[in-house]
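Engineer: no FASTA, just this:
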């Protein structure tokens, strides 16, 4: 048992380091009841992510219904490659072209928020920095050697990494990223960009489980119904057993 506990602790620590890329995760505020945030997040996803990354598990019609966007507005503002309203959110880019340009076919993002977590996504989107050694001139502090350009650079601007030396327990010194600072400003200031990325992550969290909002809405009604029925059953039980007790 002792050996098993040690192995589990080692595995958990390794997973945390791999997931975190050596920098702490920042917290995203997820509120699936905030339709305005979800609508803004859908706009950012379609304009900045959907050109390369699909979301095949989510249909445009379902998104419009859940986010209170009319089919006409969905077709006018969120559909640009000839899809139908009942289609999933696919991309026009061919897989072989994607592999040629990026070295890998960009993954479908339908379930990324569920597999990675909202905080991971939020931190990742904010952690691109200038690295001329990379093919696209940028790297990511959370996901080192990422094969993705900084598509949000016009909003955030470009960041540069500030490094520091950290001494390990064995006395060795390694250089790590201390913080990221803006080198070239974008169209948004830091507070505006943080809010925009929170909206995007909020939408991607919804995208990973669209039925969650409906399930939570029905859950309250079901619990209320069960509570009422418990009261009724209690008084029925008293009525049936009053002669015995």
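Structural biologist: On my side now, so go ahead. Note that the coordinates shown come from a computational prediction; the quantities given were computed from them, not determined experimentally. Numbering: from 1, shown residues only.

Engineer: So for stretch 151-158, first residue to last residue, what's the gap.
Structural biologist: Start-to-end span of stretch 151-158 (C-alpha to C-alpha, to the nearest Å) is 11 Å.

Engineer: ok, residues contacting it?
Structural biologist: Applying C-beta atoms under 8 Å, 6 or more residues apart in numbering, the contact partners of stretch 151-158 are 48-49, 52, 125-126, 128-130, 138, 150, 182-188, 193, 196-197. Quick note: C-beta positions are derived from backbone N, CA and C, even for glycine.

Engineer: can I see the domain layout of the protein?
Structural biologist: Here the domain parsing of the chain from automatic domain parsing is 2-209, 212-245.

Engineer: And the buried ones among the contacts of stretch 151-158, selectable in ChimeraX?
Structural biologist: In ChimeraX, a selection of the buried entries from the contacts of stretch 151-158 looks like this (16 or more other C-beta atoms under 10 Å):
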select :48,49,52,125,126,128,129,130,138,150,186,188,193,196,197
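
Engineer: still on that earlier bit, tabulate the domains of the chain (a markdown table), appending mean pLDDT.
Structural biologist: Output for these, formatted as a markdown table (pLDDT from 0 to 100):
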| stretch | mean pLDDT |
| --- | --- |
| domain 2-209 | 87 |
| domain 212-245 | 80 |
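
Engineer: Go through the ones you listed and pick out the most buried.
Structural biologist: domain 2-209 (a mean of 16; mean count of other C-beta atoms under 10 Å).

Engineer: rewinding a little: taking the contacts of stretch 151-158 one by one, which sit in strands?
Structural biologist: Taking DSSP state E as the definition of strands, the contacts of stretch 151-158 contribute 128, 129, 130, 138, 182, 183, 184, 185.

Engineer: Greatest separation within those: which pair is it?
Structural biologist: Greatest spatial distance among these (C-beta to C-beta): 138 and 185, at 15.9 Å.

Engineer: from the ones in strands among the contacts of stretch 151-158, which is closest to residue 59?
Structural biologist: Looking across the ones in strands among the contacts of stretch 151-158 and measuring by C-beta to C-beta, the closest to residue 59 is residue 128, at 30.5 Å.

Engineer: Residue 140 is in contact with the closest one, correct?
Structural biologist: Yes - judged on C-beta atoms under 8 Å, residue 128 makes contact with residue 140 at a distance of 5.4 Å.

Engineer: now the longest helix belonging to the chain, how far from the chain's geometric center?
Structural biologist: Counting by DSSP state H, the longest helix found in the chain is helix 211-241. The chain centroid and the centroid of helix 211-241 are separated by 34 Å, computed with C-alpha atoms, centre = their mean, to the nearest Å.

Engineer: what about the helices in the chain?
Structural biologist: Along the chain, counting by DSSP H, helices occupy 2-20, 35-48, 60-66, 71-77, 95-102, 112-116, 118-125, 153-156, 190-208, 211-241.

Engineer: In JSON lines: those, plus distance to residue 172.
Structural biologist: Listed next are the helices of the chain as JSON lines, based on distance: least, C-beta to C-beta, whole Å:
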{"stretch": "helix 2-20", "distance to residue 172": "16"}
{"stretch": "helix 35-48", "distance to residue 172": "40"}
{"stretch": "helix 60-66", "distance to residue 172": "50"}
{"stretch": "helix 71-77", "distance to residue 172": "54"}
{"stretch": "helix 95-102", "distance to residue 172": "35"}
{"stretch": "helix 112-116", "distance to residue 172": "31"}
{"stretch": "helix 118-125", "distance to residue 172": "27"}
{"stretch": "helix 153-156", "distance to residue 172": "34"}
{"stretch": "helix 190-208", "distance to residue 172": "34"}
{"stretch": "helix 211-241", "distance to residue 172": "46"}
